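S.K.: One predicted model, sequence on top.
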Amino acid sequence: EDGSRLWLRYEQVSDEEMLEQYRSLLQEVVIQGESETLSIVRHEIQKGLTGLLGHSIPIDKVLSQTQSLIIGTPATSKVVASAGLDESLKAIGDEGFLVTMKKMEGVTHRIIAANTDIGLLYGVFRFLKQLQLHKSIRDLSIESAPRIKHRLLNHWDNLDRSVERGYAGLSLWEWSTLPEYKSPRYVDYARANASIGINGTVLNNVNSDPRMMTEQYLEKASALADIFRPYGIKVYLSANFYAPMRIGGLDTADPLDPEVQQWWKEKVDQIYEHIPDFGGFLVKANSEGQPGPADYGRTHAEGANVLAEALQPHGGILMWRAFVYSADQEDRFREGYDEFVPLDGEFADNVILQVKNGPIDFQPREPFHPLFGALPKTNTMLELQVTQEYFGFSNHLAYMGPLYEEALQSDTYVQGEGSTVAKVIDGDLFDYKHTGIAGVANTGTDRNWTGHPFGQANWYVYGRMAWDHSLTAEKVADEWLRMTFTHDPDFVEPVKSMMMKSREAGVKYRNPLGLTHLYAQGHHYGPAPWTAELSRPDWTAVYYHRADSAGIGFDRTESGSNALEQYQPSVRARFENPETMPEEYLLWFHHLPWDFKLNSGKTLWEELVHRYYEGVTMVEEMQKTWNSVEGLIDQERFDHVQALLEIQKKDALWWRNACVLYFQSLSGKPIPAGLEKPAHSLEYYKKLEHTKHYARF
Ligand code: BDP
């Protein structure tokens with residue numbers, strides 16, 4: 001068990017009664033029609049049933065008189081066409097599927113039906129999951145369709161195969177041997193993504209190398225697109241705004257220059273010659289040193305629209321990132337909103353603004369980005385981070401399900417209560433023309449794909465929630481554990497609750513009570529809350545916590561930056577009053593004295609310290625839980641996770657001690673009674689920032 005099979009292990013069903021049921025109800029599979037996707041469907045159902053049932057069953061083209069599983073679209077399968085499913089099929093669109101039953105000539109058959117072959121593939125994965133989860137197939141009536149159209153992974157992969165913020169080895173794309181050599185891993189990648197409904201992939205880093213759009217690389221990207229296509233996955237590229245100069249030989253990239261506009265048109269036409277169903281571009285512009293329209297005094301809309309117009313005749317979309325912040329702003333929190341709200345309505349309608357879940361940057365906890373709900377006339381999509389840049393890389397166990405759920409279910413109140421971020425991005429509230437969601441990928445060449453065995457759960461939950469944002473993190477954890485490890489309740493129950501607490505543990509030992517960005521600059525692994533001298537103030541830690549001898553926190557009320565005004569009144573009301581607001585967001589919005597009294601009766605100082613200590617205790621509890629399940633799963637993955645938890649415990653202690661000692665040096669208050677004293681001095685932890693080496697993998 002090296003983890004390479006992910007959640008698609010298809011082990012023989014261990015529940016005897018269920019196995020019996022499956023064997024008796026599934027005697028034959030009938031698939032009519034031919035296409036590349038249908039071959040994949042055939043292969044998958046065969047592989048799945050052979051593994052799960054422990055024997056292979058015939059796959060035929062004609063229905064015989066046994067209880068069968070019929071897989072087809074009305075266009076290719078006469079049986080499906082005559083099964084009376086027209087109404088239901090109408091409701092599920094291009095990617096949805098039905099898993100249902102039908103009695104024909106006295107025999108009850110199970111049917112997977114869809115309007116397209118891709119829909120069938122999704123249906124097959126769903127059907128197999130029913131067996132993987134040991135659920136009955138006696139009565140089946142599943143109807144499923146994605147709520148969001150573009151469900152993408154963003155790879156921050158460079159052409160030299162390093163991965164920015166990637167912690168699972170090298171990039172999966174072997175650029176130097178493409179297009180001639182097609183690694184089998186490309187198929188495995190596509191299959192894994194299809195199994196959770198991901199339908200697009202941006203191959204290269206948002207900090208984009210313009211060479212990605214040269215003929216040489218387009219041939220390579222096209223080979224990948226050919227492999228991914230039958231799995232329903234489109235290829236997208238990150239575009240560099242200076243490409244007209246860097247690879248086009250022009251002396252400007254001004255979006256209003258006709259030559260530049262012509263260059264983009266021709267470039268896009270060329271891309272579509274290589275990749276006829278190319279998805280479109282992702283662009284990071286005027287952000288962290290990347291070029292953009294502001295370099296020519298143009299707005300983001302003026303810049304975006306030129307690329308969008310070039311893509312439009314081909315049906316391509318442009319994802320334009322809202323992650324912008326300049327050095328001279330008073331509050332980085334405000335910037336995305338201040339920049340983009342005035343441009344609402346000015347973007348072409350094939351542009352989608354891609355907004356990170358929070359206003360700063362993928363921190364362990366952020367309030368939702370105020371742009372959600374503030375752009376009625378601009379398609380807006382959500383960007384989540386799957387890779388654990390701020391969560392201990394692939395060394396720490398941090399299940400992202402609760403974070404994604406929190407982000408999606410945050411209430412913007414833009415059209416009254418219940419106006420969640422999920423409803424903004426699925427187009428429910430503003431009737432967006434294009435809807436989308438992106439996850440910054442955590443995959444790499446590690447045998448188990450994600451480094452930490454539990455990193456797979458983050459890839460999985462991202463895909464599942466992208467398909468259906470009403471899913472709970474807990475339900476997804478449950479199914480992932482059963483498919484990835486075992487059904488044994490002595491394993492599933494405790495480990496599930498460990499997963500559910502793991503994100504909160506990570507918040508507590510790093511940034512409790514709404515602190516944020518206390519990381520050492522650059523690698524973002526260890527703590528450096530004392531960082532004060534950098535080329536930009538908004539890259540220092542003191543910028544975010546604003547602690548001094550009197551108190552701590554960032555005042556974003558009217559007396560401070562007033563970023564709170566960017567939210568609807570109901571949200572503002574929720575965060576405005578430090579006495580009544582949810583404490584986990586407290587220091588995001590308020591600068592408070594160390595003696596401020598919290599709900600627990602403790603002072604802010606005491607509560608802060610307690611939460612840091614709780615974070616460490618939670619990791620120790622995770623270790624205990626894990627140790628208690630030894631023997632219930634394979635030793636290989638058990639040992640791996642056990643060792644990683646030990647690293648996590650040490651890191652949590654390091655975070656706790658460094659932060660508590662540093663804040664103590666400002667508050668001048670004692671560590672509350674009953675809590676052990678940090679093992680070393682503040683100076684020791686400060687030194688570690690520079691002496692400890694962090695390999696990414
Ligand atoms: C930050 C990362 C940086 C990315 C940037 C982005 O530290 O590597 O380039 O986000 O999203 O979180 O563009």
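M.R.: In hand now; what should we look at? Numbering: from 1, shown residues only.
S.K.: Can you name the residues of the stretch 51-200 of the chain sitting close to the ligand?
M.R.: Within the stretch 51-200 of the chain, the positions near the ligand by C-beta under 6 Å from any ligand atom are 164-165. All C-beta spots, glycine's among them, are computed from the backbone N, C-alpha and C.
S.K.: can you give me the helices for the stretch 51-200 of the chain?
M.R.: Along the stretch 51-200 of the chain, the segments classed as helices by DSSP state H, counting those that start in this stretch run 78-81, 86-91, 117-132, 184-195.
S.K.: per-stretch mean pLDDT over those helices, give me the minimum one.
M.R.: If these are sorted by mean pLDDT, helix 78-81 sits at the bottom with a mean of 92.
S.K.: What is that one packed up against?
M.R.: Here helix 78-81 touches strand 68-72, strand 107-113, going by 3 or more C-beta pairs under 8 Å, 6 or more residues apart in numbering; DSSP states H and E.
S.K.: Secondary structure element for residue 335, which one?
M.R.: Under the criterion of DSSP states H and E, residue 335 resides in helix 335-340.
S.K.: circling back: as CSV, the helices and strands packed on helix 78-81 with distance to residue 397 would be great.
M.R.: CSV is the format used below for the helices and strands packed on helix 78-81 (distance: least, C-beta to C-beta, whole Å):
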stretch, distance to residue 397
strand 68-72, 37
strand 107-113, 35
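S.K.: Single out the most deeply packed of these.
M.R.: strand 68-72 (a mean of 25; mean count of other C-beta atoms under 10 Å).
S.K.: List the neighbouring strands of that one plus their orientation.
M.R.: Paired neighbours of strand 68-72 in the sheet (DSSP bridges): strand 28-31 (parallel), strand 107-113 (parallel).
S.K.: can I get these in JSON lines with mean pLDDT?
M.R.: Listed next are those as JSON lines, based on pLDDT from 0 to 100:
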{"stretch": "strand 28-31", "mean pLDDT": "96"}
{"stretch": "strand 107-113", "mean pLDDT": "96"}
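S.K.: Can you tell me the SS state at whichever residue of the stretch 401-550 of the chain sits closest to the ligand?
M.R.: Proximity of the stretch 401-550 of the chain to the ligand (C-beta to the nearest ligand atom) peaks at residue 524, 6.3 Å away. Look at residue 524: counting by DSSP: H, G, I helix; E, B strand; the rest coil, its state is coil.
S.K.: cool, and the one 10 residues further on?
M.R.: Per three-state DSSP, the secondary structure class of residue 534 is coil.
S.K.: surely it meets residue 522?
M.R.: No: at 9.9 Å, residue 534 does not count as touching residue 522 under the criterion of C-beta atoms under 8 Å.
S.K.: More neighbours: which of these two?
M.R.: Between residue 534 and residue 522, residue 534 has the larger neighbour count (other C-beta atoms under 10 Å), namely 14 against 10.
S.K.: separation between the more buried one and residue 543?
M.R.: 9 Å (C-beta to C-beta, to the nearest Å).
S.K.: which residues do the two both contact?
M.R.: When contacts are counted by C-beta atoms under 8 Å, 6 or more residues apart in numbering, residue 534 and residue 543 have no shared neighbour.
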